[in-house]
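Enquirer: curious how this folds, go ahead:
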Amino acid sequence: METRMYRHGDCLLKRVKEIPITAKKVKGQTIALGEATGHHHTFKQESVQLYKEQDTTFIDVTEPSSLEHQEHNALQVSPGKYVLVMEREMNHFTELIRQVQD
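Expert: Predicted coordinates:
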């Protein structure tokens, strides 16, 4: 059975059929940086290519790869194309929604 989603801390990788042709390749393997702690979610293999389209990150994994973070166990991600969805939180006093700060 094919895995459709992976959760790694505040990052969710959701499988997609295709990466938009308009998405631009970006260098590096880090999909999320911690604003407060300096920790990061990073793939260790070069078989992972990141793409950006506006504020959306897409990930092309061509062989089984390890996603690592300083405070989580490594996560093995199967080959496929994914979109990165960052966890968000709502402040119920101000009713503002923002991306979770790591």
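Enquirer: can we go C-alpha only for contacts and neighbour counts from here?
Expert: Will do.
Enquirer: my guess is Lys24 contacts Asp55. True?
Expert: No: counting by CA atoms under 8 Å, Lys24 sits too far from Asp55 to count as a contact (11.5 Å).
Enquirer: these two: which is more packed in?
Expert: Lys24 (14 against 5; other CA atoms under 10 Å).
Enquirer: quick check, central residue of the protein?
Expert: Leu84 (4.0 Å; CA atoms, centre = their mean).
Enquirer: spit out the contact partners of it.
Expert: Leu84 sits next to 11-14, 31, 56-59 when contact means CA atoms under 8 Å, 6 or more residues apart in numbering.
Enquirer: could you find the closest non-adjacent residue to it?
Expert: Among residues not flanking Leu84 along the chain, Leu13 sits closest, at 4.9 Å (CA to CA, 6 or more residues apart in numbering).
Enquirer: any idea how far that neighbour lies from Ser47?
Expert: 16 Å (CA to CA, to the nearest Å).
Enquirer: who's more crowded, these two?
Expert: Counted by other CA under 10 Å, Leu13 and Ser47 do not tie: Leu13 has more neighbours, with 20 against 14.
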